[in-house]
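Engineer: structure, please.
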Amino acid sequence: MTTRDFTANVISASKVVPDGNFKDSKASGVWDINEALDLIKGGNWPNAANVNPAAFVDNLFQTHLYNGTGSSQTITNNIDLTKGGLVWLKARSSSSFSGSDHWLIDTVSGGTKYLNSNDNGAQTGNQNYISAFNNNGFTLGTSDAEINFGSGSSRYVSWTFRKQPKFFDIVTYEGTGSARTVAHSLNTTVGMILIKNLDQGDNWAVYHRANTAAPQTDYLILNTTAATADSANWWNDTAPTTSVFTVGTDHSVNASGENYVAYLFAHNDNDGGFGEPGDQDIIKCGSFTDSSSGWSVDLGFEPQFLLSKRVDSSGNWEIVDTMRGFTVDRSYTRLYPNLTNAEQTVTKVGVNSTGFFSTTAMEADGATIIYMAIRRGGMQTPTAASSVFAISTNGEAGDSKAPAYRSTFPVDMYFEKSTGGSPGYISSRLTGSKYMQTNATNAEASDSNLTYDFMNGVYNSTGSNTAYYGWMWKKARGYFDVATWTGTGSSLNVSHNLGVTPEMMLVKSRSASAYWRWYFSPLGATKNFYMPNDEASVTQTAVWNDTEPTSSVFTVGNSTDTNFNNREYIAYLFATVAGVSKVGSFTQSGATNVACGFSGDTPSLIILKRSDDTGDWLVFDSKRGIVAGNDKSLDLNNTDAQVTNADIVDPYSGGFATTSSLTDGDYVFYAIAAIS
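Structural biologist: Next up, the predicted model:
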């Protein structure tokens, strides 16, 4: 029993209203039945079915991309800024105007004031740069070119941080001119602090817990490239605690009578307490030693945001994120907090399921580099298929704007195929502009138009060819994940972030010709399919090493298709989510009803494969039609045009039905519930 378990907190005869209706609410007290019913009706009774949105990084941090309009526009990013927070804005290019500052606007000073991380200017502003901080984002109320230029081709990025213990805090204070402590509400290890004098042109002061062996003795400057420097005047040689930080006498942090703001970022070290299990970290601040022979940083999670700087010598600060481009192939798109430069794509650092890495030096051999990393989203199990799956035709929107394939969420993986006959193309945000064909064994190829930097879809094209369909997935706990690795030639455990045991896996070598290998949990780890062949499942120890996956790793043996030495691989992982997705098997004997536990009678997607004999990988979807009659089906494993004159599947309440046209035998399947 713990103080976080409300069922164990009847500890006094003094009735105290619980602090919320979430399952981790504190609820000390004793109530009679009428008092409890009143609390329940008022929404103040803890409910094990309710999960606090602040427990997930998705509701605390977001990278949001937008185009300028020149007039007020609302940015919806699901961050409740009525709880307090910071919005950091930057133009991605400078094509429409000369230079572009980094704008930092917070809820404490209000939307009419801003700071620039790239200079030492005092806080300024006299108009509604942000006219409203909303419970799901913010509203830009200005046509200022640097954050909302009136041209659809002007592209911007916003990073939004919400106040929350163990993640982020904002503190303002008045300087005294002598060493003092300042209270904060992180309630955990302080990872990094950014401090700015609001009244004067002082440099940004930066504390970072991994700056040196004794970080409280050194300071960094956000708006310059300067290396770390030693001075007791900045932090008074005193390390911050979980409740206060200390400032010395330097004008940049503590001049008498002047006003300051401090932005504090936490460091989780197996004590974050986030996620559905309530035991996950979402932010880490650390350092590593650069190396020309390569290096890696194990965060214990896949990052979506990385702020870094070399500290032993001069060097720019850098910000990268997975929305603008941060891939496993070390291609990333960076912006410099200390410069007005447009973003730049370089090959330096890669991202994977457990952290970030490089095969060469990031800055220089032996350099010390600090970082602040934030975990990727998708920590919560989805409750609706429409939030994590979408189907679109190329140019369906008809507005001559990219992206070509539209969704209601940032896409993490998409599959594309023409109904008129074509290869099947599959790619992921993790691999960027690279794709492979499901009907071939070829290694990856590149397509410059294959970009994921959209909030609402994928593929940078304004053309229209509605014969092409795109099926799009978003990463989410228990539903879908993507993992990559470099082969070793011997049994290897590969980490993933699905959060549950994968029930279906699709694996392929990215760097060499190889078969696609499929794992289905109903068949077990001794069997697999190899595509584009249409054969029955086969028994092969070398593929999965006869080892079932777990909620944190899956195992590959020494097969050239899954783990050849020094080859690059990718795995797409899927699982059953109640009411959202289903991985399963059935035996066909005439017409068969297949239960999936869905609401309604028409799934949005069905992938079907015979497992005991030959048979194509059949794809049905609700957009092309799943009806009581002939359906339109495509094959993953060939380039054939869709079949339109066969009735193989029919609607069925809670799942789908197969007709007698489907050959009798054993089958495996993957289905997704209806989407709006």
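Engineer: C-alpha from now on. contacts and neighbour counts both.
Structural biologist: Noted.
Engineer: how far does stretch 510-525 stretch from start to finish?
Structural biologist: 22 Å (C-alpha to C-alpha, to the nearest Å).
Engineer: same question, stretch 414-423
Structural biologist: Stretch 414-423 has an end-to-end distance of 14 Å (criterion: C-alpha to C-alpha).
Engineer: ok, longest helix in the chain?
Structural biologist: helix 33-41 (DSSP state H).
Engineer: counting contacts, what elements does that one pack onto?
Structural biologist: In terms of contacts (3 or more C-alpha pairs under 8 Å, 6 or more residues apart in numbering; DSSP states H and E), helix 33-41 is not packed against any helix or strand.
Engineer: run the chain-centre distance for whichever helix or strand A373 is part of.
Structural biologist: Using DSSP states H and E, A373 falls within strand 368-375. Centroid separation for strand 368-375 versus its chain: 16 Å, with C-alpha atoms, centre = their mean, to the nearest Å.
Engineer: partner strands of that strand, parallel or antiparallel?
Structural biologist: Strand 368-375 has the following strand partners under DSSP bridges: strand 283-289 (antiparallel), strand 303-310 (antiparallel).
Engineer: residues in contact with it?
Structural biologist: Here strand 368-375 makes contact (C-alpha atoms under 8 Å, 6 or more residues apart in numbering) with 57, 191-192, 208, 210-211, 281-290, 301-312.
Engineer: cool, stretch 588-603 as well?
Structural biologist: Stretch 588-603 is contacted by residues 578-582, 586, 621-622, 626, 651-667, 671-674 when judged by C-alpha under 8 Å, 6+ apart.
Engineer: which of those are buried? Put it as a PyMOL command.
Structural biologist: Entered in PyMOL, the line below selects the buried ones among the contacts of stretch 588-603, by 16 or more other C-alpha atoms under 10 Å:
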select buried, resi 578+579+580+581+582+586+621+622+626+651+652+653+654+655+656+657+658+659+662+666+667+671+672+673+674
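Engineer: okay, and which of the contacts of stretch 588-603 map to strands?
Structural biologist: Those of the contacts of stretch 588-603 mapping onto strands are 581-582, 586, 621, 651-652, 655-658, 665-667, 671-672, per DSSP state E.
Engineer: hmm, back to that, for A179, which of the strands paired with strand 368-375 is the nearest?
Structural biologist: strand 283-289 (25.5 Å; C-alpha to C-alpha).
Engineer: the helices in the stretch 151-300 of the chain, which residues?
Structural biologist: Assigned by DSSP state H, counting those that start in this stretch, the stretch 151-300 of the chain shows helices spanning 232-235, 251-254.
Engineer: out of those, deepest packed?
Structural biologist: Mean neighbour count (mean count of other C-alpha atoms under 10 Å) peaks for helix 251-254 among the helices of the stretch 151-300 of the chain, with a mean of 26.
Engineer: ok, residues contacting it?
Structural biologist: 174-179, 195-197, 202-205, 234, 247-248, 260.
Engineer: span of stretch 130-150 from start to end?
Structural biologist: Length of stretch 130-150, first residue to last, C-alpha to C-alpha: 16 Å.
Engineer: for the remainder of this discussion, apply numbering that starts at 445.
Structural biologist: Understood, numbering begins at 445; the last thing we discussed is stretch 574-594.
Engineer: can you list contacts of it?
Structural biologist: Applying C-alpha under 8 Å, 6+ apart, the external contacts of stretch 574-594 come out as 511-527, 533-535, 540-541, 544-545, 547, 549, 551, 554-556, 571-573, 598, 600.
Engineer: flag the shaky bits of the stretch 545-694 of the chain, pLDDT-wise.
Structural biologist: 596 (pLDDT under 70).
Engineer: domain map for this structure?
Structural biologist: 445-494, 499-606, 612-710, 727-819, 829-917, 924-1018, 1025-1116 (automatic domain parsing).
Engineer: quick one: which of the ones you listed is nearest G719?
Structural biologist: Closest approach to G719 among those (C-alpha to C-alpha): domain 499-606, 5.4 Å.
Engineer: straight-line length of the closest one, end to end?
Structural biologist: The first-to-last residue distance of domain 499-606 comes to 12 Å (C-alpha to C-alpha).
Engineer: also stretch 662-678?
Structural biologist: For stretch 662-678, the first-to-last residue distance is 8 Å (C-alpha to C-alpha).
Engineer: ok, now which ones touch R921?
Structural biologist: Applying C-alpha under 8 Å, 6+ apart to R921 gives the contacts 822-826, 941-944.
Engineer: hmm, 10 Å instead?
Structural biologist: 719-720, 821-826, 941-944, 1018-1019, 1021 (C-alpha atoms under 10 Å, 6 or more residues apart in numbering).
Engineer: buried subset of the residues you listed?
Structural biologist: 719-720, 821-826, 941-944, 1018-1019, 1021.
Engineer: any idea how far D978 is from the nearest residue to P976 once chain neighbours are set aside?
Structural biologist: Nearest non-adjacent residue to P976, counting by C-alpha to C-alpha, 6 or more residues apart in numbering: N1081, 4.4 Å away. N1081 sits 7 Å away from D978, going by C-alpha to C-alpha.
Engineer: what do these two both touch?
Structural biologist: Shared contacts of N1081 and D978 (C-alpha under 10 Å, 6+ apart): 1059-1061.
Engineer: now which of those residues would you call buried?
Structural biologist: By neighbour count, with 16+ other C-alpha under 10 Å, the shared contacts of N1081 and D978 hold 1059-1061 as buried.
Engineer: of the contacts of helix 695-698, select the buried ones using a PyMOL command.
Structural biologist: To isolate the buried ones among the contacts of helix 695-698 in PyMOL, judged by 16+ other C-alpha under 10 Å, type:
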select buried, resi 618+619+620+621+623+639+640+641+646+647+648+649+678+691+692+704
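Engineer: which ones are touching the residue nearest to P976?
Structural biologist: 867-868, 881-884, 960, 974-978, 1059-1062.
Engineer: ok, now F605?
Structural biologist: Per C-alpha under 10 Å, 6+ apart, neighbours of F605: 501, 503-507, 523-525, 528-532, 550, 611-614, 707, 709.
Engineer: number of nearby residues for G759?
Structural biologist: Neighbour count for G759, taken as other C-alpha atoms under 10 Å: 17.
Engineer: meant to ask about I818
Structural biologist: I818 has 24 nearby residues by other C-alpha under 10 Å.
Engineer: which residues of this protein score low on pLDDT?
Structural biologist: For the chain, the ranges with pLDDT under 70 are 445-461, 463-474, 485-488, 491-495, 539-542, 596.
Engineer: sorry, back to before: Serialize the helices of the stretch 595-744 of the chain to CSV and add fields for distance to N909.
Structural biologist: What follows is the helices of the stretch 595-744 of the chain, written out as CSV (distance: least, C-alpha to C-alpha, whole Å):
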stretch, distance to N909
helix 676-679, 61
helix 695-698, 58
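Engineer: many thanks, I have nothing further to ask.
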